[in-house]
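A.B. asks: Structure of the sequence below:
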Amino acid sequence: MSWSLLVLFILTFTFLFRSFFCRTKSLPSPPGALPYLGHIRQVSNPAVFRSNLLRWGTLFSTSHIFQLKIGPRRIVILNSEEAIAELYNRRGATYSSRPLDAVTSAFFSEKSTAFTPYGKMHRYARALIGETFGPAPSTSALVSSYIEREALSLVRTIKDTSHLPGFDLGEALGRASISTIWAMIFAGERIPEEKVPSICTALRGFSKVAGIGSRIVSLFPFLSYFGIQDRDIEAAKKARERLIALIAPRYLLALDRVRKERSIEKGELQAAELDKVEPESHARRVAEAQLAGKIDQERAIWLIVGLLSASIDTTGSTLHFTLSFIADSPQVQQKAYKLLSSVCGSAPPSFKSTGLEYIKAVVKESTRMWPVSPTGMPRMTDKDDVYQGYFIPKGTTVLMNIRYIQLLEERYDEAKDFKPERWLREGESLNLMDGVKPCTSFPLFSL
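C.D. replies: Sure thing, here's the model as predicted:
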């Protein structure tokens, strides 16, 4: 009896303390939520969701923040640059982890860098990736040459096959993205052609089922105990198995080569037993980290698979959107063509080309007008937080309303028009190094 009274006292005290000393407001929420299911109808279709983000952004323009209810989940949407700057920048340690919902966890793993809880291992994995994929990679000249080679190959593919029946620009861009990332991971090695279609299929299969608008079993996992299977979860599992089976063997070959190199140096193995020295690359650095005991094999494989899994929906989609905007803007197309012709002549541009600031501005304007992800990568709170009187519990999924913010007239003149010139200043392309604050005068998605 005494234990029951003690528990009752603690619960009562907690309730009263929060009520009187930690007063918080309820987060505003869009109308139309269904009982138990919440706003699932308004987020399940990507096109409808993008449209709703604009509508909700206007509806909650003065609150900076609102929430969606998706089954038992609560998803907080940051609706202003002020909210993003405060929570993601100044309180970044609380908002740096990634949530793993039922579908995402069927494809990814906590050993995937994107979903590793924020901390020492997260920072180490990010630094390892940054050595090849960061703004100043240690092998920048080589990496640049790989990208230029694959870009030239893409141009030739489009030129030679775009007139043929059944040509799919999105497919061509996706394949080029995968080939480029593969070359960056494996020191310029060309991806085996037979693997590309299967990798594309696996990645697109996951992309179709990923997102916050999950089906019923994803929202209520306990239903799986009654034999009810979720098609999205099963599709994600199959995509993961297929992708790892296609990619992991090449990494394991790199690992074996680096291990043999070390054995040869120690005199434990004959040089003839090594078929080839694994060149300096991201794969080699990952293998060295595994052999040094800094990461395990599962994390090592995800340091390879994770990069390739992000290629189609980022690089490929950005290229697709950019080309679409250029095609719809004859003046932009003509100006870009004249600039490339005057700077590069008949040769393709390279990383050494100068005077192409307008081309960079075209890409930035494309990401502003149509970000690949209208909400950015989801984040998750690592502890309870309060913002402007709104209580945000630990474990809450947090997104940005990039789609809305980047089309605000108060941030951009003629915001709904495609105007690359807005990113130029005295003939130079604006970038973060010019002192422009993140989330104020720069496309959010490009950060």
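
A.B. asks: Return the residues in contact with residue 393.
C.D. replies: 74, 381, 384 (C-beta atoms under 8 Å, 6 or more residues apart in numbering). C-beta here means a position set from N, CA and C on the backbone, and glycine is covered the same way.

A.B. asks: center of the protein - which residue?
C.D. replies: Nearest residue to the geometric centre of the chain (C-alpha atoms, centre = their mean): residue 377, 5.4 Å.

A.B. asks: do you know how far that residue is from residue 149?
C.D. replies: Here residue 377 is placed at a distance of 29 Å from residue 149 (C-beta to C-beta, to the nearest Å).

A.B. asks: One more: residue 155?
C.D. replies: Taking C-beta to C-beta as the measure, residue 155 falls 11 Å from residue 149.

A.B. asks: in the stretch 1-150 of the chain, what spans have low per-residue confidence?
C.D. replies: Residues of the stretch 1-150 of the chain meeting the criterion pLDDT under 70: 1-24, 136-139.

A.B. asks: just so I have it, where are all the strands in the protein?
C.D. replies: Remark: strands assigned in the chain by DSSP state E are 65-70, 73-78, 379-380, 385-387, 390-392, 397-400, 424-425, 428-429.

A.B. asks: show me where the stretch 251-400 of the chain has helices.
C.D. replies: 282-291, 297-309, 317-327, 330-344, 357-369 (DSSP state H, counting those that start in this stretch).

A.B. asks: would you list these in JSON lines and tack on distance to residue 35, mean pLDDT and mean neighbour count?
C.D. replies: JSON lines is the format used below for those (distance: least, C-beta to C-beta, whole Å; pLDDT from 0 to 100; neighbours: other C-beta atoms under 10 Å):
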{"stretch": "helix 282-291", "distance to residue 35": "48", "mean pLDDT": "96", "mean neighbour count": "22"}
{"stretch": "helix 297-309", "distance to residue 35": "36", "mean pLDDT": "93", "mean neighbour count": "21"}
{"stretch": "helix 317-327", "distance to residue 35": "36", "mean pLDDT": "91", "mean neighbour count": "18"}
{"stretch": "helix 330-344", "distance to residue 35": "48", "mean pLDDT": "94", "mean neighbour count": "13"}
{"stretch": "helix 357-369", "distance to residue 35": "37", "mean pLDDT": "94", "mean neighbour count": "21"}
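
A.B. asks: Identify whichever of these lies nearest to residue 162.
C.D. replies: Closest to residue 162 of the helices of the stretch 251-400 of the chain, according to C-beta to C-beta: helix 317-327, at 11.2 Å.

A.B. asks: what's next to the closest one, contact-wise?
C.D. replies: 169-170, 173, 176-177, 332-333, 336, 362-363, 365-367, 369-370, 372, 418.

A.B. asks: Sounds good, over and out.
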